[in-house]
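J.: Got a predicted structure plus its sequence, pasted below:
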Amino acid sequence: DTDPEQARTALTTIKAASKEALGEVRQVLNTLRAPGEAPRAPAPGLDRLSELVDQAASAGLTVSVTGGAQAHGLSPATDLAAFRILQEALTNVVRHSGSRTARIRIGRPPGALELLVDDDGPATGGDAGGSGTGLIGMRERAAAQGGTIEAGPRPDGGFRVLARIPLETEEDS
């Protein structure tokens with residue numbers, strides 16, 4: 001929209017998320033350079049979902065979450081992928097949607113984790129489609145865990161991102 005303060009806040013949120021992601025890349029590179037060295041800080045997971053909601057709120061987005069209790073007991077890789085997928089989906093709402101609200105639903109159908117992010121706003125601006133790197137990144141994260149991402153406009157308006165990530169069963173472990 002035309003609110004400079006809201007734009008500044010959104011850019012600050014995006015910058016913070018980018019710095020955190022860059023830190024993770026550096027951590028991975030350091031681990032690759034020095035085998036056996038333990039990571040210095042735990043990777044983020046869905047236990048930090050409230051931080052994502054707070055970051056979105058500081059950018060002017062109201063986020064509701066249902067099913068957050070479904071996020072327990074995930075492998076570290078699935079937990080990180082889920083966190084990053086939700087982070088990118090919310091960033092996309094802030095950057096590309098006219099919506100001021102988003103809804104996250106976390107579900108655990110048998111053998112899977114489902115992450116759903118809906119917003120009600122139409123895409124705004126000439127670059128509303130963006131470069132697509134956010135969606136590509138979400139798809140890559142899901143695929144690395146054997147999962148999928150469906151993303152696109154909803155028939156009743158707004159945009160939806162749905163991630164499905166298979167979970168290990170006791171027979172798989």
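T.: Yes, it's here.
J.: So which elements touch the helix ranked longest in the chain?
T.: Counting by DSSP state H, the longest helix found in the chain is helix 4-33. Packing partners of helix 4-33 (3 or more CB pairs under 8 Å, 6 or more residues apart in numbering; DSSP states H and E): helix 49-58, helix 76-96. Placement of C-beta: from N, CA and C, glycine included.
J.: List the buried residues in it.
T.: Gln6, Thr9, Ala10, Thr13, Ala17, Glu24 (16 or more other CB atoms under 10 Å).
J.: Centre of the chain to that helix, how far?
T.: When C-alpha coordinates are averaged (CA atoms, centre = their mean, to the nearest Å), helix 4-33 and its chain have centres 13 Å apart.
J.: now the buried residues of helix 4-33 as a markdown table including pLDDT and distance to Gly67?
T.: As requested, the buried residues of helix 4-33 are exported to a markdown table (pLDDT from 0 to 100; distance: CB to CB, whole Å):
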| residue | pLDDT | distance to Gly67 |
| --- | --- | --- |
| Gln6 | 82 | 29 |
| Thr9 | 84 | 27 |
| Ala10 | 82 | 26 |
| Thr13 | 85 | 24 |
| Ala17 | 83 | 23 |
| Glu24 | 76 | 25 |
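J.: Save these as CSV, and put in distance to Gly146 too.
T.: Below are the buried residues of helix 4-33 laid out as CSV (distance: CB to CB, whole Å):
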residue, distance to Gly146
Gln6, 38
Thr9, 36
Ala10, 33
Thr13, 30
Ala17, 25
Glu24, 21
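J.: Can you tell me which of the residues you listed lies closest to Glu150?
T.: Nearest to Glu150 among those: Ala17, at 22.6 Å, using CB to CB.
J.: Next up, the contacts around the closest one.
T.: By CB atoms under 8 Å, 6 or more residues apart in numbering, Ala17 lies in contact with Gln55, Gln87, Thr91.
J.: Which residue, other than its chain neighbours, is closest to the first one?
T.: In this structure, Gln55 finds its nearest non-sequential neighbour in Thr13, 4.9 Å apart by CB to CB, 6 or more residues apart in numbering.
J.: Tell me which of the helices and strands packed on helix 4-33 sits most buried.
T.: When the helices and strands packed on helix 4-33 are scored by mean count of other CB atoms under 10 Å, the highest mean neighbour count falls to helix 76-96 (a mean of 22).
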